[in-house]
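Colleague: Here you go, sequence then predicted model.
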Amino acid sequence: MKYLLFALIFISTPSSFAAPSWYPLPKEAYQFGNLYPEAQRLLYAFDYGHALVYERLIHNKGEIKNPRAFEKQILSDIQSILKNPPNVKVDEDDIAPEYVYTFPLMVSAFDWSHMLHQFVLDAMAIRKDGEPFNHRVNEIFAQYKANKALAITDVCKTMLFMDGHYFSKEFRRNYPSFNLLIWSYHWFQIRLYEDLMLPTKAQRDLAVQKTVNQFWQLISDLPDSAEFDMMPETRIEAPQFSKAFPLIAASFDNNHMLHDIVSDILTSSKVAPENMRKVGIEYGRMALDPLAFKSNKCLAYP
């Protein structure tokens, strides 16, 4: 059977949304880490860092008198995680229970999308030189899309999806260095796909290591070291990957914009703490909706 058999295991909080489990796992699952352990552990650290920051923002919402000092402390803690990353993916329920409760739909959609991120990397990484891989990557994507309740749409959205709301841009205004750190995360993920498009393993190995080194440069002296004016886009940072897999590229960009939306909801004084859960569900549904903020350039996507 070509398509996904997936189980939905309900999370323990009182919610109508479900935490996804990809079953059975792809045969390639987590093989990327065997070939590129440093890059894989950084990806695990990114997930840890996102959840940690969101949890702290929730617990301190409306109470942060000195955003710069708060940001400095968070950056210090995240740098420690990046330099000593976990060997496995950390369960967000353990480190950010309030975040998981407050954003149930978004957390589940992120989890499902991150599995797609991981398994596409795995399928691309373990292929032999000259071995075709497009069909296998598209099979994995079809499995992802089969979970219609959680699959972030592959219809490309305008940047207004990220920046066109009453609470938008609050996070980057208040925490510019940490915003650039998150955009550096996204750049790193995107570049790995482009690296793995190269035809030989030797070329891929060199490219992945170069991307790892560039990531450390990007975050070496924030905010000056990461010169992003806007969230990195897959079609720009990974043009060959986007040409081969335009729908996956659009889905990844929509995922990354949704992360910015969460950051802004948590930061903005215009979203009251008691309304965050409702607002999170509303905007999570927009991420799943192919018509919400649809770009007129979708058909021209590389």
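Modeller: The structure has been received and is ready for your questions.

Colleague: tell me the centre residue of this structure?
Modeller: Centrality entry for the chain: nearest residue to the mean C-alpha point is His256, 5.2 Å, by Cα atoms, centre = their mean.

Colleague: I'd guessed that residue sits against Trp187; true?
Modeller: No - using Cβ atoms under 8 Å, His256 is not in contact with Trp187, being 9.7 Å away. The C-beta positions use only the backbone N, C-alpha and C, and glycine is treated the same way.

Colleague: intersection of neighbour lists for these two?
Modeller: Pro232 (Cβ atoms under 8 Å, 6 or more residues apart in numbering).

Colleague: Look up the closest residue to Ala125, ignoring the ones flanking it.
Modeller: Phe32 (4.4 Å; Cβ to Cβ, 6 or more residues apart in numbering).

Colleague: Quick check: the residue nearest to the centre of the chain vs Met230, distance?
Modeller: 11 Å (Cβ to Cβ, to the nearest Å).

Colleague: got it, and Pro132?
Modeller: If you go by Cβ to Cβ, the gap between Pro132 and Met230 works out to 34 Å.

Colleague: neighbour-wise, which of these two wins?
Modeller: Met230 (11 against 8; other Cβ atoms under 10 Å).

Colleague: Need the phi and psi values for the more buried one.
Modeller: When read as degrees, to the nearest 10, the backbone of Met230 gives phi -150, psi 160.

Colleague: which ones are touching it?
Modeller: So Met230 contacts Met159 (Cβ under 8 Å, 6+ apart).

Colleague: Show me where this structure dips below the pLDDT cut-off.
Modeller: Applying pLDDT under 70 to the chain flags the ranges 1-19, 298-302.

Colleague: Which parts of it are strands?
Modeller: Counting by DSSP state E, the chain has strands at residues 5-10, 18-23.

Colleague: Just give the number of residues close to Ala45.
Modeller: 20.

Colleague: got it, and Trp216?
Modeller: Count around Trp216 with other Cβ under 10 Å applied: 14.

Colleague: so what's Gln118 up against?
Modeller: Contact analysis of Gln118 by Cβ under 8 Å, 6+ apart lists Ala29, Tyr30, Phe32, Leu43.

Colleague: JSON lines please, covering those residues and showing distance to Asp91 and neighbour count.
Modeller: Formatted as JSON lines, these follow (distance: Cβ to Cβ, whole Å; neighbours: other Cβ atoms under 10 Å):
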{"residue": "Ala29", "distance to Asp91": "17", "neighbour count": "16"}
{"residue": "Tyr30", "distance to Asp91": "16", "neighbour count": "15"}
{"residue": "Phe32", "distance to Asp91": "20", "neighbour count": "24"}
{"residue": "Leu43", "distance to Asp91": "15", "neighbour count": "22"}
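
Colleague: Among those, which are located in helices?
Modeller: If you go by DSSP state H, the contacts of Gln118 have Phe32, Leu43 in helices.
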